Each structure stands twice: as structure tokens, then as C-alpha cells.
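Peer 1: Show me how the following folds:
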Amino acid sequence: MNEEKDELEVNKKNREDFENLMEESSIKKDGYWDKKNPIVRLLLILLGLIILCGAAYYITMYFLNR
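Peer 2: As a prediction, the model looks like this:
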């Protein structure tokens, strides 16, 4: 009976350590790529414009050389 109690305590401690580790790591990464950040928003808009311009270029070249 004492072994089971020790094993439960070890499992409980391991579970708490795991939950603390996951909480710490998620907090550090959650705010890293915030969509509301003006720099990230500008980067995403710029990337989107490059993609749209590239797609438009290849579509027009396809129809002009057809």
C-alpha cells in the first residue's frame, strides 16, 4: 500500500512539472507572432502583395503567350 502511495506522489509531481513546463513554454511563444503587431501586419501585407503580383504576372504571361 505504501508503494502505491509513493508511486501516486511521483506521478502527481511529474504531472505538475509537466504542466508547469507546458505553461511556461506556451506563454513565451503565444505572443511572438501577434497578428495585431504593426510590424507583423506590415510583413504579412507585403508578403501577400508579392504573392498576388507574382500570380498576376504568371497569369498574364500565360494568356499573352498562348
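
Peer 1: The chain: helices as residue ranges?
Peer 2: Counting by DSSP state H, the chain has helices at residues 2-30, 38-64.

Peer 1: Any idea which of those has the lowest pLDDT on average?
Peer 2: Note on the helices of the chain: helix 2-30 shows the lowest mean pLDDT, a mean of 77.

Peer 1: before we move on, back to that, could I get the helices of the chain as JSON lines with mean neighbour count?
Peer 2: C-betas here are computed from N, CA, C, even on glycine. Converted to JSON lines, these look like this (neighbours: other Cβ atoms under 10 Å):
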{"stretch": "helix 2-30", "mean neighbour count": "9"}
{"stretch": "helix 38-64", "mean neighbour count": "10"}
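
Peer 1: Contact partners for Asn65?
Peer 2: Going by Cβ atoms under 8 Å, 6 or more residues apart in numbering, Asn65 touches no other residue.

Peer 1: cool, and Lys12?
Peer 2: Lys12 neighbours (Cβ under 8 Å, 6+ apart): none.

Peer 1: So it versus Lys5, what's the distance?
Peer 2: Distance, Lys12 to Lys5, by Cβ to Cβ, to the nearest Å: 10 Å.

Peer 1: can you check Leu49 too?
Peer 2: For Leu49, the distance to Lys5 equals 63 Å [Cβ to Cβ].

Peer 1: Next, work out how far apart Leu43 and Glu19 are.
Peer 2: Distance check for Leu43 against Glu19: by Cβ to Cβ, it reads 34 Å.

Peer 1: next one: Arg41
Peer 2: From Arg41 to Glu19 the distance is 33 Å (Cβ to Cβ).

Peer 1: ditto for Leu64
Peer 2: 60 Å.

Peer 1: do Tyr62 as well
Peer 2: 54 Å.

Peer 1: now do Lys13
Peer 2: In terms of Cβ to Cβ, Lys13 sits 11 Å off from Glu19.

Peer 1: Met61 now?
Peer 2: Met61 is 55 Å from Glu19, by Cβ to Cβ.
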